[in-house]
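[1] need a 3D model of the following:
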Amino acid sequence: MTGLDKIISQINSDTQKICEDIKNNSNQRCKDILNSATAEAELIAKKGEADAKFMSADVISRAHSAASLEKRSIMLRAKQQIIKDSLDKCQSYLCSLPNDEYFDLIIKMISKYSEEEKGEICFSLKDLSRIPDNFENTINAVSKGELKISSEPVDIDGGFLLKYGGIEINCAFSAIFSSQSELFSDEVSAILFA
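    As a prediction, the model looks like this:
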């Protein structure tokens, strides 16, 4: 082997060794990059999983809160409907009392709502047709002032209207139930839902 062949052989050997070192370094660098990327991907996946768990727990929690609120709202509407139905039935019950009980109630109401002056008491057509005999004397015995029964019917469901000159006191059951609705609702609610 000549000196030139030796130099070329040495260059080839050195080149091959350098190429081998570059290849090994490149492979190691690729492995390091791949390991680093894998570790980073695992961290990202774990963080994503934790974030997803947190977000799903938050969504579930909000769904439970919304469902609970809707349940309370439905229950409240149902209770309000039960109270309204109960008050409507009570008002219907008063209108359908037997004559003696009905007019006993009217007498109690007159003693409460009448004024200390002359006036007129007005009834529905149904009530005018069933007024007991001597009822005007009976009501004047409990009235704070003198009352005359009007022969003209008024459009009410039950109860009566008191008229004193230009002033009218509406003692129809519907008006009383309407004006006292909060009080009656509270009392019915206490009875039904205590």
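
[2] all strands of this protein, in order?
    Counting by DSSP state E, the chain has strands at residues 119-122, 147-149, 159-164, 167-172.

[3] could you say what helices and strands the second one packs with?
    Helices and strands touching strand 147-149, as assessed by 3 or more Cβ pairs under 8 Å, 6 or more residues apart in numbering; DSSP states H and E, comprise strand 119-122, helix 135-142. (C-beta placed from N, C-alpha, C; glycine too.)

[4] pull up the pairing partners for the shortest one, direction included.
    Strand pairing for strand 119-122, using DSSP bridges, gives strand 147-149 (parallel), strand 159-164 (antiparallel).

[5] of the ones you listed, which stretch is the most buried?
    strand 159-164 (a mean of 21; mean count of other Cβ atoms under 10 Å).

[6] that strand vs helix 135-142, what angle?
    Taking axes from the mean of the first three to the mean of the last three Cα atoms, to 10 degrees, strand 159-164 and helix 135-142 form an angle of 70 degrees between their directions.

[7] what sits up against strand 159-164?
    Contact with strand 159-164 is made by 106, 109-110, 113-115, 117-123, 127, 145, 147, 150, 154, 168-176, as judged by Cβ atoms under 8 Å, 6 or more residues apart in numbering.

[8] make it 7 Å
    Strand 159-164 is contacted from outside by 106, 109, 113-115, 117, 119-123, 154, 168-173, 176, using Cβ atoms under 7 Å, 6 or more residues apart in numbering.

[9] so where's this structure uncertain?
    Within the chain, the set of residues satisfying pLDDT under 70 comprises 1, 4, 184, 192-194.

[10] where along this structure do the helices fall?
    Assigned by DSSP state H, the helices in the chain fall at 3-95, 99-113, 125-128, 135-142, 173-179, 181-193.

[11] how about the strands paired with strand 119-122, which one is nearest Ile83?
    strand 159-164 (20.9 Å; Cβ to Cβ).

[12] what's the burial count for the closest residue to Ser181 other than its chain neighbours?
    Leaving aside its sequence neighbours, Ser181 sits nearest to Leu87 (Cβ to Cβ, 6 or more residues apart in numbering; 7.3 Å). As a burial measure, Leu87 scores 18 neighbours (other Cβ atoms under 10 Å).

[13] how much space is there between the residue most central in space within the chain and Ala66?
    Geometric centre of the chain, nearest residue: Ser73, 2.7 Å, by Cα atoms, centre = their mean. Distance, Ser73 to Ala66, using Cβ to Cβ, to the nearest Å: 10 Å.

[14] with Leu43 instead?
    In terms of Cβ to Cβ, Leu43 sits 34 Å off from Ala66.

[15] repeat that for Gln81.
    Applying Cβ to Cβ to Gln81 and Ala66 gives a distance of 22 Å.
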